[in-house]
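Asks: Attaching a predicted model along with its sequence, questions to come.
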Amino acid sequence: MCGIVGYVGPQDGAALVLDALKRLEYRGYDSAGLATVNHAVLTVEKAAGRIAVLEQRLNGRVPAGRAAIAHTRWATHGAPTEENAHPHTDCGGTIALAHNGIIENAAALRRTLERRGHRFRSETDTEVLAHLIEELYDGSLVGAVIAALRSIEGTYGLAVVSTREPGTLVAARMGSPILLGIGDGEYFVASDAAAVLEHTRSVVYLDDGEVAALTADGYTIYDQDTAPIEKAVRTIEWEIGAVERGGYPHFMLKEIMEQPESIRNTLRGRLLEDEGTSRHGGINLTSGELLEIDRIVLTACGTSWHAALIGEYMLEELARIPTEVEYASEFRYRNPILDEETLVVGISQSGETADTLAAMREARQRGAHTLGIVNAVGSSVAREVDGGIYLHAGPEIGVASTKAFTSQVTALALLTLHIARLRSMSVLQGRALIQALQRLPDQVQQVLERAPEIEEIAQRYVRAPNALYLGRGYNFPVALEGALKLKEISYVHAEGYPAAEMKHGPIALIDEMMPVVVVAPRDGTYQKIVSNVQEVKARGGRVIGVVTEGDEEITRLADHVIAIPPTADCLTPILSVLPLQLLAYYIAVRRGCDVDKPRNLAKSVTVE
Ligand code: G6P
């Protein structure tokens with residue numbers, strides 16, 4: 001949600017931050033802008049639309065200046081216009097800043113500032129900060145930023161430059177990620193490591209309340225009391241190729257095709273075959289402590305919430321432990337019943353989703369054990385929980401989540417195995433699940449090789465205005481996820497339903513124009529879903545079945561089938577979701593949609 005890059009060093013920063021900004025465009029892309037400070041001259045360039053529009057506008061004339069900031073926006077306050085694009089400036093044109101997050105008391109601050117004579121140019125909450133810093137400047141930019149932030153309620157990731165200190169870049173964080181990139185005689189600020197990777201692998205993650213001042217000679221980080229602090233420099237492990245498309249037309253397709261590898265990476269080093277269990281270095285709970293847990297709450301948003309639903313089925317069926325799934329946005333504002341015997345697991349690809357983070361904080365405050373199932377290493381959720389499981393799926397850039405989902409389900413299967421073996425599962429059952437997990441990456445590969453078949457089916461339904469997705473048991477959440485994928489990237493209205501619920505409403509919608517995707521691998525619910533398919537066919541619906549290889553009954557009834565290899569019931573979602581990801585992808589491409597940057601969406605929702 002919005003991307004920020006900043007630079008200070010010996011080079012002219014504008015071209016550099018603009019280039020780095022492109023790596024963050026997936027986080028928000030409705031307007032973009034940059035600012036440079038060259039001696040005492042501040043230049044700001046902005047444009048509504050993608051970064052490419054800004055580039056066209058500049059037409060190769062990037063402004064000079066050794067300090068530069070840039071921003072790509074996902075609008076919250078004010079429409080995505082040029083005026084509302086960041087960076088924002090003060091009245092005197094001495095300060096420019098880029099901000100992620102929301103300033104909750106912006107309206108009140110704006111009124112006060114206007115009374116004091118400040119003139120506002122945008123509708124954004126962010127602009128109040130520029131005017132506040134202008135008022136509070138008293139010989140030190142970092143001092144003025146710290147003072148201004150004292151009046152702010154809300155969240156921010158911030159980068160500030162000023163003509164008053166042409167060689168200084170100031171960054172701050174509260175609830176919205178910011179890191180410093182440590183180069184050789186040059187320094188960066190970014191909201192995401194992907195932006196700086198081309199220049200340095202050494203980063204310092206700021207924590208909430210911290211502010212940093214960077215110059216070409218070094219940097220100082222201050223805590224909430226303005227005392228200088230030392231922070232560890234961390235090394236980014238992944239390669240630059242991981243954030244590039246590598247020959248694929250879209251990140252989404254690349255990430256779909258990466259799933260054999262990403263699942264392998266989630267499993268790596270975690271399976272103990274002889275003992276029939278899984279090993280986790282990061283859970284930070286002893287077997288004794290895990291045995292005392294009498295209830296699990298899984299909380300997440302979006303696709304991660306669908307993974308949580310599958311986790312609930314797994315944990316209840318295999319580990320026999322009462323489990324609930326809560327939308328993080330609901331959980332945090334209820335008065336949830338939690339104690340030391342409750343384990344709260346937050347599932348988040350980015351580890352930065354505002355609601356998930358807040359839910360985890362709430363859970364921790366109420367004394368529950370907290371775990372994170374997170375992809376982004378060093379992210380806020382990862383750092384604030386008691387322990388967790390990293391997905392190691394590699395950076396996910398496509399806004400619609402794919403490989404993170406299958407890795408989340410894999411990680412939930414590992415967690416289930418671990419807890420189940422302590423409680424009720426026999427070593428033989430454990431070994432059988434491990435063997436099924438080990439077969440998964442190759443089976444995922446087999447399904448992905450069916451992409452041309454799926455593309456052909458997709459072509460027939462490009463113009464369908466609606467779609468229904470049905471599944472039962474472990475594959476009900478897959479139906480939800482398939483429908484979400486289609487909605488997100490092709491803007492086709494789609495709904496996911498537990499197949500038996502169809503009779504309680506959606507059946508009224510079925511006619512020849514309504515494709516019905518039935519996720520029906522051969523598992524414990526198969527026979528039941530065959531009857532549901534018959535009901536759809538009896539009403540003229542078109543059925544696309546996702547079935548297990550060798551399937552006969554649904555194959556006979558359906559208009560199209562896509563076969564997946566057999567696996568353990570609880571792992572079927574990892575295979576059955578793949579055709580649905582590809583179906584949504586090909587339909588969206590055919591409809592001419594921008595698959596990697598769907599309208600109105602953002603990769604990481606860091607506002608409530
Ligand atoms: C956004 C993304 C989704 C994602 C959801 C939760 O809506 O577009 O793809 O599933 O946020 O994100 P998280 O990073 O917490 O998994």
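Replies: Thanks, I have the structure now.

Asks: Show me the helices in the stretch 51-200 of the chain, by range?
Replies: 51-58, 106-115, 127-136, 141-150 (DSSP state H, counting those that start in this stretch).

Asks: for those helices, which one sits closest to the ligand?
Replies: Closest of the helices of the stretch 51-200 of the chain to the ligand is helix 51-58, at 19.1 Å (criterion: CB to the nearest ligand atom). Bear in mind the C-beta positions are built from the backbone N, C-alpha and C, glycine included.

Asks: picking that back up, quickly compare the helices of the stretch 51-200 of the chain and say which is most buried.
Replies: helix 127-136 (a mean of 24; mean count of other CB atoms under 10 Å).

Asks: residues making contact with it?
Replies: Helix 127-136 is contacted from outside by 88-92, 94-97, 99, 103, 106, 109-110, 113, 116, 118, 120-121, 141, 143-145, 147-149, 151-152, 156, 158, 160, 162, using CB atoms under 8 Å, 6 or more residues apart in numbering.

Asks: re the thing from before, may I see the helices of the stretch 51-200 of the chain arranged in JSON lines, with distance to residue 403 and mean pLDDT as well?
Replies: Below are these laid out as JSON lines (distance: least, CB to CB, whole Å; pLDDT from 0 to 100):
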{"stretch": "helix 51-58", "distance to residue 403": "25", "mean pLDDT": "91"}
{"stretch": "helix 106-115", "distance to residue 403": "37", "mean pLDDT": "96"}
{"stretch": "helix 127-136", "distance to residue 403": "37", "mean pLDDT": "97"}
{"stretch": "helix 141-150", "distance to residue 403": "37", "mean pLDDT": "96"}
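
Asks: what would these look like in a markdown table with distance to the ligand?
Replies: Formatted as a markdown table, those follow (distance: least, CB to the nearest ligand atom, whole Å):
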| stretch | distance to the ligand |
| --- | --- |
| helix 51-58 | 19 |
| helix 106-115 | 24 |
| helix 127-136 | 26 |
| helix 141-150 | 26 |
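
Asks: looking at these, which is closest to residue 432?
Replies: helix 51-58 (50.1 Å; CB to CB).

Asks: helices or strands next to that closest one in the packing?
Replies: If contacts are counted by 3 or more CB pairs under 8 Å, 6 or more residues apart in numbering; DSSP states H and E, helix 51-58 sits against helix 13-22, strand 31-38, strand 41-48.

Asks: Dump the C-alpha coordinates for the first one into PDB.
Replies: Read it as helix 13-22. Coordinates of each C-alpha in helix 13-22 appear next as PDB, following Å, rounded to 0.1, in the frame of the first residue of the first chain:
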ATOM      1  CA  GLY A  13      19.100  10.700  -6.900                       C
ATOM      2  CA  ALA A  14      16.100  11.300  -9.200                       C
ATOM      3  CA  ALA A  15      16.700   8.700 -11.800                       C
ATOM      4  CA  LEU A  16      17.800   6.200  -9.100                       C
ATOM      5  CA  VAL A  17      14.700   6.600  -6.900                       C
ATOM      6  CA  LEU A  18      12.400   6.500 -10.000                       C
ATOM      7  CA  ASP A  19      13.900   3.300 -11.100                       C
ATOM      8  CA  ALA A  20      13.700   1.800  -7.600                       C
ATOM      9  CA  LEU A  21      10.100   3.000  -7.300                       C
ATOM     10  CA  LYS A  22       9.100   0.700 -10.100                       C
END
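
Asks: Count the residues that sit near the residue nearest to residue 75 when sequence neighbours are not counted.
Replies: Leaving aside its chain neighbours, residue 75 sits nearest to residue 30 (5.4 Å; criterion: CB to CB, 6 or more residues apart in numbering). By other CB atoms under 10 Å, 21 other residues sit near residue 30.

Asks: I figured residue 30 hits residue 71, correct?
Replies: No: between residue 30 and residue 71 there is no contact under CB atoms under 8 Å: 11.3 Å.

Asks: Which pLDDT value goes with the closest residue to residue 425 other than its chain neighbours?
Replies: In space, and not counting its chain neighbours, residue 425 is closest to residue 318: 6.1 Å by CB to CB, 6+ apart. Turning to residue 318, the model gives it a pLDDT of 97.

Asks: can you count the residues close to residue 318?
Replies: That count, for residue 318 with other CB under 10 Å as the rule, works out to 23.

Asks: Provide the backbone phi and psi angles at it.
Replies: Per-residue torsions, residue 318: phi -100, psi -40 (degrees, to the nearest 10).

Asks: List the contacts of it.
Replies: Applying CB under 8 Å, 6+ apart, the residues contacting residue 318 are 416-417, 420, 424-425, 433, 570.
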